[in-house]
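coordinates for the following, if possible.
(chains A, B, C and D)
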Number of protein chains: 4
Amino acid sequence: MFVNERRFLVEWGDCDPAGIVFYPRYVEWFDACTTALFTEAGMPIKTLFEAHGVIGIPLVDVKTRFLVPSTYGDELLAQSSVLEWRKSSFRLQHQFFKAGILAVEGVETRVWTGRDPANPDRLKSRPIPAEVIERLSAHRPLPE
Amino acid sequence: MFVNERRFLVEWGDCDPAGIVFYPRYVEWFDACTTALFTEAGMPIKTLFEAHGVIGIPLVDVKTRFLVPSTYGDELLAQSSVLEWRKSSFRLQHQFFKAGILAVEGVETRVWTGRDPANPDRLKSRPIPAEVIERLSAHRPLPE
Amino acid sequence: MFVNERRFLVEWGDCDPAGIVFYPRYVEWFDACTTALFTEAGMPIKTLFEAHGVIGIPLVDVKTRFLVPSTYGDELLAQSSVLEWRKSSFRLQHQFFKAGILAVEGVETRVWTGRDPANPDRLKSRPIPAEVIERLSAHRPLPE
Amino acid sequence: MFVNERRFLVEWGDCDPAGIVFYPRYVEWFDACTTALFTEAGMPIKTLFEAHGVIGIPLVDVKTRFLVPSTYGDELLAQSSVLEWRKSSFRLQHQFFKAGILAVEGVETRVWTGRDPANPDRLKSRPIPAEVIERLSAHRPLPE
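Below you'll find the predicted structure:
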């Protein structure tokens, strides 16, 4: 699979009164990781979505494990890749490492989604384009 | 179990360019629901945490399912309760309904957490006080 | 002017490691206050924006003063109203009170904005509809 | 003055239903810029705050102008520096450029703040240490 890395610096405003990352921030970062994965595979989401008439790739589920807390000033390294392709949905994994140790792990299921032609106020899943699957399935080793 | 309800109005700033709630917002709302559950059970977290010397109740995992999208102006009704007690952790469920239909569901595992006496920079789980378990296990029927 | 009140409960996740509200949260709340002002004046923004073909009312400037810090569990009462109408922009004031004392004050300038007919990728200001001005200028005394 | 640059990539989740950055995000980024300014001047805030017994540098006011909207995928370059030193407060400027054009500008007044010795629940301003002023006043030209 195509694996992408993205670095995050934990900011003061990401942390709660206990001084650790307020956990929804990780879920926001999963989204940024997914965007970065598409961008690095040559498919910036803005042009990709417009080209395919999709409104986005909303989630149907996400499972997250929090293993090690982080605080402001900490640097996290995220590794993201697609785990599985289905017809119109796909599963992604994001692993956040702090100093080489797995700190947070998330697995998302997302759906390739457009407007319902029968009712533009409604959303409707669509088959994932072959090119998207191909590019995100290409072997790309991580930098050493 | 003690069940609490909390209403949320989806705001413009909660929504993404697809016009639907950016999904980490739900995870923020789970946290607000957990706080409200403690408050309604007579244990506002600020005084509770100070009384017990805990720094908070951080998550170890969360599983979320997104069934129905929502947009700004939508009103959501959340129902929250504890599903299970363990020695120092507990599992909570949050269900968000839109017009009576289950829209989002989250299950969190949280840990009753203090500073490590041996190293105040580290966090350490602690046994959940009996009073906390008792109050959040009390039967309280939902308002009709 | 039409004055609206909206209450906010400060949540754990709104606060930073100093234990006080992370100040961008207030700016998010200003947006929620502006939406509530329109809603209470009988113009929910979703239908209003669609009816007038505007994409929103983005800010051109905001000035904020922070007088009293707040922490999680605090309840804030916000009072919002329009201060001034111009052709396509207007100035709003939001005052947040904690236990009757002014804690935060913001003044925003917002623009009634649509797509540029000559280039739908660009935004363009439009004259504010008379009905909007009329409704938000109506005298409405605050609840005692 | 010591000027620091920090780059931001606008994420999907930073944008609202109009497809442009939800404006409180800029105010969050001002905070990240302030942290980066201290870090680059050799004073990471975590160790700095602990060394001086301060709880943070909360804002007393912020003025922001929004000149050019941005959307997801846009890259912004922020330049930050201190404009003025007072006894216990200081004014900072953050300018965000998109493709070389000034897009957003913020001016913040922040206070060097500790606990009140007479009442640890209260915050109290303190004189800014000479070293902080000296380091952030050092001339550092921007990279070409």
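
and residue A:61, how far from residue C:71?
34 Å (Cβ to Cβ, to the nearest Å). C-beta here means a position set from N, CA and C on the backbone, and glycine is covered the same way.

got the residues of chain A near chain B?
By the rule Cβ under 8 Å from any Cβ of the partner chain, the part of chain A lying against chain B is A:16-20, A:22-25, A:27-28, A:31, A:55-56, A:58-67, A:69, A:113, A:123.

is the worst-scoring helix or strand of chain A on mean pLDDT positioned near chain D?
Every helix and strand of chain A was ranked by mean pLDDT, DSSP states H and E. The lowest is strand A:119-125, at a mean of 89. No. Strand A:119-125 lies out of reach of chain D by Cβ under 8 Å from any Cβ, never closer than 13.4 Å.

list the helices and strands the strand or helix carrying residue A:91 packs on?
For residue A:91, the host element (DSSP states H and E) is strand A:89-98. Contact partners of strand A:89-98 among helices and strands, from 3 or more Cβ pairs under 8 Å, 6 or more residues apart in numbering or on different chains; DSSP states H and E: helix A:24-40, strand A:75-85, strand A:101-111.

need the next SSE after the last one, C-terminal direction.
Read in the C-terminal direction, the helix or strand following strand A:101-111 is strand A:113-116, with elements assigned using DSSP H and E.

rewinding a little: most tightly packed of the helices and strands packed on strand A:89-98?
Scoring these by mean neighbour count under mean count of other Cβ atoms under 10 Å in any protein chain shown gives helix A:24-40 as the most buried, with a mean of 22.

hmm, the helix or strand following that helix in reach of chain D?
Next in sequence after helix A:24-40, counting helices and strands by DSSP H and E, comes helix A:45-52. Yes. Shown here: helix A:45-52 in contact with chain D (Cβ under 8 Å from any Cβ) through A:45-46.

got a list of contacts for the next helix or strand after helix A:45-52?
Next helix or strand after helix A:45-52 toward the C-terminus (DSSP H and E): strand A:54-56. The contact list for strand A:54-56 (Cβ atoms under 8 Å, 6 or more residues apart in numbering or on different chains) reads A:48-49, A:112-115, A:123, A:126, B:16-20, D:12.

so how far is residue A:19 from the residue positioned nearest the centre of chain A?
Centroid-nearest residue in chain A: residue A:34, 2.6 Å away (criterion: Cα atoms, centre = their mean). Distance, residue A:34 to residue A:19, using Cβ to Cβ: 28 Å.

and for residue A:51?
Going from residue A:51 to residue A:19 by Cβ to Cβ gives 44 Å.

do residue A:31 as well
Taking Cβ to Cβ, one finds residue A:31 at 24 Å from residue A:19.

tabulate the contacts of strand A:54-56 (TSV), appending neighbour count and distance to chain C.
Output for those, formatted as TSV (neighbours: other Cβ atoms under 10 Å in any protein chain shown; distance: Cβ to the nearest Cβ, whole Å):
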residue	neighbour count	distance to chain C
A:48	18	17
A:49	22	14
A:112	21	24
A:113	22	20
A:114	17	19
A:115	16	15
A:123	21	16
A:126	16	24
B:16	24	14
B:17	22	11
B:18	22	14
B:19	20	9
B:20	23	12
D:12	23	17
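
which one of these is nearest residue B:3?
Lowest distance from residue B:3 to these (Cβ to Cβ) belongs to residue B:20, with 27.2 Å.

residues from chain A in reach of chain D?
So chain A meets chain D at A:9, A:11-13, A:28, A:31-32, A:35, A:39, A:44-46, A:56, A:71-73 (Cβ under 8 Å from any Cβ).

let me know the closest of those to residue A:139.
For those, the minimum distance to residue A:139 (Cβ to Cβ) is 18.3 Å, reached by residue A:39.

wait, the closest one sits on residue A:45?
Yes. Between residue A:39 and residue A:45 a contact is recorded at 7.2 Å, counting by Cβ atoms under 8 Å.

between the two, what contacts are shared?
Common neighbours of residue A:39 and residue A:45, using Cβ under 8 Å, 6+ apart, are residue D:73.

backbone phi and psi for the most far-flung residue of chain A relative to its centre, please?
In chain A, the residue that sits farthest from the middle, by Cα atoms, centre = their mean, is residue A:118; the gap is 29.7 Å. The phi and psi values for residue A:118, taken as degrees, to the nearest 10, are phi -80, psi -20.

show me the shaky parts of chain A.
By pLDDT under 70, the low-scoring segments of chain A are A:143-144.

how about residue A:141, what does it touch?
Taking Cβ under 8 Å, 6+ apart, we find residue A:141 in contact with residue A:3.

can you report phi and psi for it?
Main-chain dihedrals, residue A:141, degrees, to the nearest 10: phi -70, psi 150.

against residue A:3, how distant is it?
Residue A:141 sits 8 Å away from residue A:3, going by Cβ to Cβ.

who's in contact with stretch A:19-26?
Under the contact criterion Cβ under 8 Å, 6+ apart, stretch A:19-26 has outside partners A:10, A:14-16, A:64, A:66, A:69-72, A:96, A:104, A:106, B:24-25, B:27-28, B:31, B:55-56, B:58-59, B:62, B:123, C:12-13, C:17.

got the buried residues for the least confident helix or strand of chain A?
A:123, A:125 (16 or more other Cβ atoms under 10 Å in any protein chain shown).

for the closest residue to residue A:53 other than its chain neighbours, give its distance to residue A:18.
On the basis of Cβ to Cβ, 6 or more residues apart in numbering or on different chains, the spatially nearest residue to residue A:53 that is not a chain neighbour turns out to be residue A:114, at 5.4 Å. Taking Cβ to Cβ as the measure, residue A:114 falls 41 Å from residue A:18.

now residue A:42
For residue A:42 relative to residue A:18 (Cβ to Cβ), the value is 41 Å.

can you report how many residues lie near residue A:60?
Number of residues near residue A:60 (other Cβ atoms under 10 Å in any protein chain shown) recorded here: 17.

surely it forms part of a strand?
Yes. Assessed by DSSP: H, G, I helix; E, B strand; the rest coil, residue A:60 belongs to a strand.

dump the residue contacts of the nearest residue to it once chain neighbours are set aside.
Excluding the flanking residues, the one nearest residue A:60 by Cβ to Cβ, 6+ apart is residue A:109, at 4.8 Å. Contact analysis of residue A:109 by Cβ under 8 Å, 6+ apart lists A:59-62, A:89-91.

list just the nearest of those to residue A:79.
Nearest to residue A:79 among the contacts of residue A:109, with distances taken as Cβ to Cβ, is residue A:91, at 15.1 Å.

count of neighbours near that closest one?
16.

ok, it - contacts?
A:82-84, A:107-110.

show me which residues of chain A are close to chain C?
Counting by Cβ under 8 Å from any Cβ, the residues of chain A lying close to chain C are A:12-13, A:15-17, A:19, A:22, A:24, A:71-72.
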